[in-house]
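Trainee: take this sequence and fold it.
(2 chains)
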Amino acid sequence: MSEPILKVENLSASYGSIVALKSVSMEVYEGEIVTIIGANGAGKTTLLSCISGLMPYKGEITFHGEKLGGKVDSAAIVERGIIQVPEGRQIFSELSVHENLKMGAYSRKKGDDIQKDMDEVYALFPRLAERRDQKGGSLSGGEQQMLAMGRAMMANPKLLLLDEPSMGLAPIVVADIFRTIRRLNREKKVTIVLIEQNARLALKTANRAYVVETGLVKLSGDAKELANDPKVRDLYLGG
Amino acid sequence: MKKTAKSTVITLVVLIAVALLAPVVVGLKNNYMINILCSYCYFGILCCSLNLLLGYTGQISMGHAAFMMIGAYTYGILNKFHGVHFLIAALAALAVSFAAGLLLGAACCKLNAIFLAMTTVGFYKAVSTVIINEGWLTGGANGISAIQKWTVFGYKLKNWQFYYIALAVVLLVFLFCYRMVNSKTGRAMRAMCSAPIASSAMGVNNNQLKFLVCGISGALAGLAGVLYAVTNSYLSADMFAKVSVQTLTMTVVGGMGTLWGPLFGTLAITTLPELLRPFADHLDGIYGVVIILTVIFMPNGIYGFVRRMVQKASAKAKAKKAQPANAAGKKGE
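Mentor: Numbers count the residues shown, from 1 in each chain, chains lettered A, B, ... in the order given. Down below sits the predicted model:
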């Protein structure tokens, strides 16, 4: 394989005196879906926050061969094309669906094919087109997740970070969301890092996986192989 | 660019027409009434300023009078004590209150909700204490008296002429807020207000945006202060004691987070003390009751209430129109 587009080396981070990440290293290659699975408090969300420039860390993160500063500066990270869909969706509830999508293109320059991408997002999520002028807060949970993903697509991501897209959603909606994730990866060629509690679904969707436990990477490898690993089956897939 | 609704244009035209005719109706020489009309203007600006902060960005300022005071005193000190031309003094007042707004910005970046509210109250107290105690600079407890009316090319403006200038300033401020709220920056403000983590994940620099809004809000409040100083031609620290609560009342009662709300609130709440002269000592209490009643019965303020009534009425009218048509249709069958 060629060079990875995202490389995380010996990353550690803490909230005050509480250490959330001890030492994590991982690689993401162009065009793949990588999933990070692990129990509550394993440090999954912290890892994404570090990559997105939302919190300070020690260690090194390189994207396309360039070192990311390690400073808390999410705007600079967004400009490089790393876009996060935060946990719990975080819809702008007072803004209309259309305005939410426009916010996604916040750091892009005027022109820049924003209209074309807007049309594509509406084509990808027809439900959003129907509810274009409705307030974001009035959508159902599934629709809000779609809006959050559509909003992220508006930023023209090279790397999409998804934090628990299945959280609080009905199984039938979750299936729909994951179909869309695969479509984004296949059709729009977006590289995806996926954090998920639903390990079975995550391993089915991803190409490769990392298993994180108390701030350390315990296992990593091909997603299908990990899904058959007896240890993983025992701990995360319920036997 | 969003298309302006027809009802918006009509409301605006009516309001402007009323505002233009008002001095003629009350009498051009009726200085008492003209001064009240001017007070609509500076309170209107003050409410627009607080609305940007509270309604669109979700940052609470309980001491907004501080910025008005800073603007008014900067203008008063320069114009009265140092003989600076009124235009330059006004610009300086804008600059100083903008800078003071940035201080508030620093507080907004670190604090939220109740802590920010307390800090802003403290800031107001601090500003007013400094003004009272530093007599060499501000005239101290005696205040600044006999601030000149504006003179343009040797012609001294009469009160009603100054009112028209103040009105023009309000319109400019309103237009400015309209443009700002509907711009990309305005969208980012509202986005940050409802989901700060997501807005920064979209590349909005939240802290920078807070500084910007606070600075602008401070400068606008300072501008209101300049008009205040010229209208009353007298300044003293205790004149501002009730202004913070009054501004908050206007913004909440009018309907925060909407462009029209503060204007309606200003009209309602500026008129109230004039009508309630006999109860002047209990005004703060009345404001309190008005805020409580508004929050319970009209959570979206006067503006939200009126809009809901209009929507209901038009829905009813539509239903009525549809009914006879249905009845006629049935007869035909």
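Trainee: residues from the stretch 101-250 of chain B in reach of chain A?
Mentor: Listed as neighbours of chain A in the stretch 101-250 of chain B under the rule C-beta under 8 Å from any C-beta of the partner chain: B:184, B:187-188, B:190-191, B:193-195, B:197-205. No exception for glycine: its C-beta is placed from N, CA and C like everyone else's.
Trainee: if you set the cut-off to 10 Å instead, what comes out?
Mentor: By the rule C-beta under 10 Å from any C-beta of the partner chain, the part of the stretch 101-250 of chain B lying against chain A is B:184-188, B:190-208.
Trainee: buried subset of these?
Mentor: B:185-188, B:190-207 (16 or more other C-beta atoms under 10 Å in any protein chain shown).
Trainee: filter these down to the ones in strands?
Mentor: Secondary structure assignment (DSSP state E) places none of those within strands.
Trainee: buried residues, the helix of greatest length in chain A. List them.
Mentor: Taking DSSP state H as the criterion, chain A has its longest helix at helix A:171-187. For helix A:171-187, burial by neighbour count (16+ other C-beta under 10 Å) applies to A:173-174, A:176-178, A:180-181, A:184-185.
Trainee: in JSON lines: those residues, plus pLDDT.
Mentor: Below are the buried residues of helix A:171-187 laid out as JSON lines (pLDDT from 0 to 100):
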{"residue": "A:173", "pLDDT": "90"}
{"residue": "A:174", "pLDDT": "92"}
{"residue": "A:176", "pLDDT": "89"}
{"residue": "A:177", "pLDDT": "91"}
{"residue": "A:178", "pLDDT": "93"}
{"residue": "A:180", "pLDDT": "91"}
{"residue": "A:181", "pLDDT": "93"}
{"residue": "A:184", "pLDDT": "91"}
{"residue": "A:185", "pLDDT": "93"}
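Trainee: any stretches of chain B with poor pLDDT?
Mentor: For chain B, the stretches with pLDDT under 70 are B:1-4, B:323-333.
Trainee: and the longest helix of chain A, how far out from the chain's middle?
Mentor: 13 Å (C-alpha atoms, centre = their mean, to the nearest Å).
Trainee: can you tell if it touches chain B?
Mentor: No - with C-beta under 10 Å from any C-beta as the criterion, chain B is not reached by helix A:171-187; the gap is at least 17.1 Å.
Trainee: contacts only, for the nearest residue to residue A:224 once chain neighbours are set aside.
Mentor: Spatial nearest neighbour of residue A:224, chain neighbours left out: residue A:203 (7.3 Å); criterion: C-beta to C-beta, 6 or more residues apart in numbering or on different chains. If you count contacts by C-beta atoms under 10 Å, 6 or more residues apart in numbering or on different chains, residue A:203 has them with A:35, A:37, A:196, A:209, A:211, A:222-229, A:232, A:236-237.
Trainee: from those residues, which is closest to residue B:173?
Mentor: Set against residue B:173, the nearest of the contacts of residue A:203 by C-beta to C-beta is residue A:196 (49.5 Å).
Trainee: the closest one - how many residues pack around it?
Mentor: 25 (other C-beta atoms under 10 Å in any protein chain shown).
Trainee: equivalent analysis for residue A:113, please.
Mentor: For residue A:113, the count of nearby residues is 12 (other C-beta under 10 Å).
Trainee: please apply the same query to residue B:229.
Mentor: Using other C-beta under 10 Å, residue B:229 has 29 neighbouring residues.
Trainee: residue B:174 too?
Mentor: By other C-beta under 10 Å, 19 other residues sit near residue B:174.
Trainee: so which bits of the strand or helix carrying it are buried?
Mentor: Using DSSP states H and E, the element containing residue B:174 is helix B:159-181. Buried residues in helix B:159-181, counting neighbours by 16+ other C-beta under 10 Å, are found at B:159-163, B:165-167, B:169-171, B:173-174, B:177-178, B:180-181.
Trainee: could you do stretch A:224-239 as well?
Mentor: Within stretch A:224-239, judged by 16+ other C-beta under 10 Å, the buried ones are A:226-227, A:229, A:232, A:235-236.
Trainee: what's the weakest-modelled helix or strand in chain A?
Mentor: One helix or strand of chain A scores below all others by mean pLDDT, DSSP states H and E: helix A:230-236, with a mean of 83.
Trainee: so what does that one touch, helix or strand wise?
Mentor: Applying 3 or more C-beta pairs under 10 Å, 6 or more residues apart in numbering or on different chains; DSSP states H and E, one finds that helix A:230-236 contacts strand A:33-37, helix A:199-205, strand A:208-213, strand A:216-222, helix A:223-228.
Trainee: please produce TSV containing the ones you listed, extended by mean pLDDT.
Mentor: Shown next, in TSV, are these (pLDDT from 0 to 100):
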stretch	mean pLDDT
strand A:33-37	94
helix A:199-205	91
strand A:208-213	92
strand A:216-222	90
helix A:223-228	89
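Trainee: most tightly surrounded among the ones you listed?
Mentor: Comparing these by mean neighbour count (mean count of other C-beta atoms under 10 Å in any protein chain shown), strand A:33-37 ranks first with a mean of 25.
Trainee: what are the pairing partners of that one, and which direction each?
Mentor: Partner strands for strand A:33-37, per DSSP bridges, with pairing direction: strand A:191-196 (parallel), strand A:208-213 (parallel).
Trainee: how far off centre is the last one?
Mentor: I take that to be strand A:208-213. In terms of C-alpha atoms, centre = their mean, the centre of strand A:208-213 is found 14 Å from the chain centre.
Trainee: which residues of chain A score low on pLDDT?
Mentor: Along chain A, the parts satisfying pLDDT under 70 run over A:1, A:111, A:239.
Trainee: contacting residues for the residue lying closest to residue A:178 once chain neighbours are set aside?
Mentor: Closest residue in space to residue A:178, ignoring its immediate chain neighbours: residue A:205 at 5.5 Å, by C-beta to C-beta, 6+ apart. Residue A:205 makes contacts with A:33, A:35, A:178-179, A:181-182, A:185, A:192, A:194, A:196, A:198, A:223, as judged by C-beta under 10 Å, 6+ apart.
Trainee: what distance do you get for the residue nearest to residue A:224 to residue A:160?
Mentor: As for residue A:203, its distance to residue A:160 is 18 Å (criterion: C-beta to C-beta, to the nearest Å).
Trainee: go on, residue B:186?
Mentor: Relative to residue A:160, residue B:186 is positioned 27 Å away (C-beta to C-beta).
Trainee: next one: residue A:125
Mentor: Look at residue A:125 and residue A:160: by C-beta to C-beta, they are 15 Å apart.
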